[in-house]
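J.: Sharing a sequence plus its predicted fold:
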Amino acid sequence: MITAYHAKYYAHELTRRSAASGVDRLSQSLFDASVDLNPHQIEAALFALRNPLQEGVLLADEVGLGKTIEAALVICQHWAERRRRLLVICPASLRKQWAQELHDKFAVPASVIDAVSLRKQSAGDILATLQTLAGKGVVILSFQFAARLEAELRAIPWDVVVIDEAHKLRNAHRASNRTGQALKRALEGRKKLLLTATPLQNSLMELYGLSTLIDEHLFGDESAFRKRFMNNGDATDELRARLNDFGLAEMAFLVAQAAARQTFLDQLEELARDSATTEAAMHKSLELSLWVFGPEYSLFSSNITLKRQIEDVLNTTYKGKNADKRPDLLLNQNLSGEYLLIEFKRPDHSLNYDDYKQAIEYRHDFAKHITSPIRVVLIGGRLSPDFPKENREPNVDARIFSQVIASARRQVEWLLRIDHSQVTS
């Protein structure tokens, strides 16, 4: 019979024999896993495990690339190595999903903890209860509940802390952000793994805010960061190098990504100016690059029919007259809790009353099944005189391709403080 002591010894020995930065290190943790992995997910997990001395990393893959799987690999490896004080902090709506993913795909036990479950599993005071739960399974808390347990979380030497949807804490450096400040204090000195698809939305200060969650002293104080990296147009390369030095590879990638997005906008503008460009071509170009419309549209569903969308997302059978028609793009809820329906038209098409009417019909069909707001966006080459400017339904927006591209370009320039005169037209 293998005792807990021997199991820990064997795990340590296997880890020691494996290359510290090689894929072999993960092989032990995948024995019971039931998941198909992509190479980038393995690389991301190894990146997070590579340097045991750093206080954390941020994984900022785009939506749908499997950040949860990457973090779960790290959790699974810690579990295999008998380092089992593991904590996940996420939005309340994602707690059960995390527990199910860890159990079903990685055979790692997990408990969703809130005030009610904490009372039911009481082993004395709150700290004693948490200490009992930590080690038996991954502890999963919401942002708000974790902030309330600041003192108790600080008292437990967590082996790793995963923070999902970390962009919600991008203002953690501000004293007015009570949740962010509480979590910073509670998790100081613990190894952290931050997950987000949108670490940069409006300003480099959001990157600074996230960095303070990992290491308060990474870039010095706020004024030093502003002076060095926001008011100095020549500091982009230094910022990228600093991020790499501290193991924030995905953040470093995002700094470089702005240049790639500028290239994409150049190509998109060429398509928009070509009268031969089809609806499908613009749709294809934008369906995986909805950051063009603004950072709040990063979370979106796949391009499927209205019928399939309702059945998949809402578990409701849909039999409306438009069931077999396809809106050009229908999004899931965005960060504001809204649904978004985008209707694409050709770049040389003038948006008219019929386009407006069609989009509204889609919304009416969808609204029969949900109570959340649905915002409609139509996009084309120009506005026809008969497109409703007044007396139209609320939350309906018409956009012109050229205006959308210009706005997205300003956003990219703002992120890196690029001098406008240096940007080619």
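T.: Perfect, I can see it now. Numbers count the residues shown, from 1 in each chain.

J.: Flag the shaky bits of the stretch 301-425 of the chain, pLDDT-wise.
T.: For the stretch 301-425 of the chain, the stretches with pLDDT under 70 are 301-338, 414-425.

J.: mind listing the strands for it?
T.: With DSSP state E, counting those that start in this stretch as the criterion, the stretch 301-425 of the chain has strands at 329-331, 339-344, 350-351, 374-380, 382-383, 396-400.

J.: List the strands paired with the last one, with their directions.
T.: The sheet places strand 396-400 alongside strand 374-380 (parallel), with pairing taken from DSSP bridges.

J.: Now do the same contact list for the residue lying closest to residue 271 once chain neighbours are set aside.
T.: Of all residues not flanking residue 271 in the chain, residue 277 sits nearest, at 4.8 Å (C-beta to C-beta, 6 or more residues apart in numbering). Just so you know, the C-beta spots here come from the backbone N, C-alpha and C atoms, and that holds for glycine as well. Taking C-beta atoms under 8 Å, 6 or more residues apart in numbering as the definition of contact, the neighbours of residue 277 are 271, 346-348.

J.: give me that answer again for 10 Å
T.: Each residue near residue 277 by C-beta atoms under 10 Å, 6 or more residues apart in numbering is listed here: 270-271, 285, 346-348, 381, 401.

J.: ok, of those residues, which one's closest to residue 74?
T.: Within the contacts of residue 277, proximity to residue 74 (C-beta to C-beta) peaks at residue 285, which comes in at 34.5 Å.

J.: Run through the strands of the chain in chain order.
T.: Taking DSSP state E, the strands of the chain run over residues 56-59, 86-90, 110-112, 138-142, 160-163, 192-195, 329-331, 339-344, 350-351, 374-380, 382-383, 396-400.

J.: do you know which of those strands lies nearest residue 219?
T.: Ranked by C-beta to C-beta, the member of the strands of the chain that lies closest to residue 219 is strand 56-59, at 13.6 Å.

J.: Output the contacting helices and strands for the closest one.
T.: Strand 56-59 sits against helix 39-50, helix 67-80, strand 160-163, strand 192-195, helix 204-214, helix 249-273, with contacts defined as 3 or more C-beta pairs under 10 Å, 6 or more residues apart in numbering; DSSP states H and E.

J.: any chance of those in CSV, with mean pLDDT and distance to residue 149 too?
T.: CSV is the format used below for the helices and strands packed on strand 56-59 (pLDDT from 0 to 100; distance: least, C-beta to C-beta, whole Å):
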stretch, mean pLDDT, distance to residue 149
helix 39-50, 69, 24
helix 67-80, 85, 20
strand 160-163, 94, 13
strand 192-195, 88, 16
helix 204-214, 80, 17
helix 249-273, 73, 28
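
J.: could you dump those to CSV with mean neighbour count and distance to residue 127?
T.: Formatted as CSV, the entries for the helices and strands packed on strand 56-59 read as follows, by neighbours: other C-beta atoms under 10 Å; distance: least, C-beta to C-beta, whole Å:
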stretch, mean neighbour count, distance to residue 127
helix 39-50, 19, 28
helix 67-80, 24, 22
strand 160-163, 25, 17
strand 192-195, 25, 21
helix 204-214, 23, 23
helix 249-273, 17, 34
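
J.: ok so, going back, adding distance to residue 109 as columns, could you present the strands of the stretch 301-425 of the chain in CSV?
T.: Putting the strands of the stretch 301-425 of the chain into CSV (distance: least, C-beta to C-beta, whole Å) gives the following:
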stretch, distance to residue 109
strand 329-331, 34
strand 339-344, 35
strand 350-351, 54
strand 374-380, 39
strand 382-383, 57
strand 396-400, 46
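
J.: possible to save those as CSV with mean neighbour count and distance to residue 165?
T.: Output for the strands of the stretch 301-425 of the chain, formatted as CSV (neighbours: other C-beta under 10 Å; distance: least, C-beta to C-beta, whole Å):
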stretch, mean neighbour count, distance to residue 165
strand 329-331, 23, 17
strand 339-344, 24, 18
strand 350-351, 19, 35
strand 374-380, 22, 21
strand 382-383, 15, 37
strand 396-400, 16, 26
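
J.: circling back to that earlier point, of the helices and strands packed on strand 56-59, which is nearest residue 229?
T.: Checking those against residue 229 by C-beta to C-beta gives helix 204-214 as the closest, at 6.2 Å.
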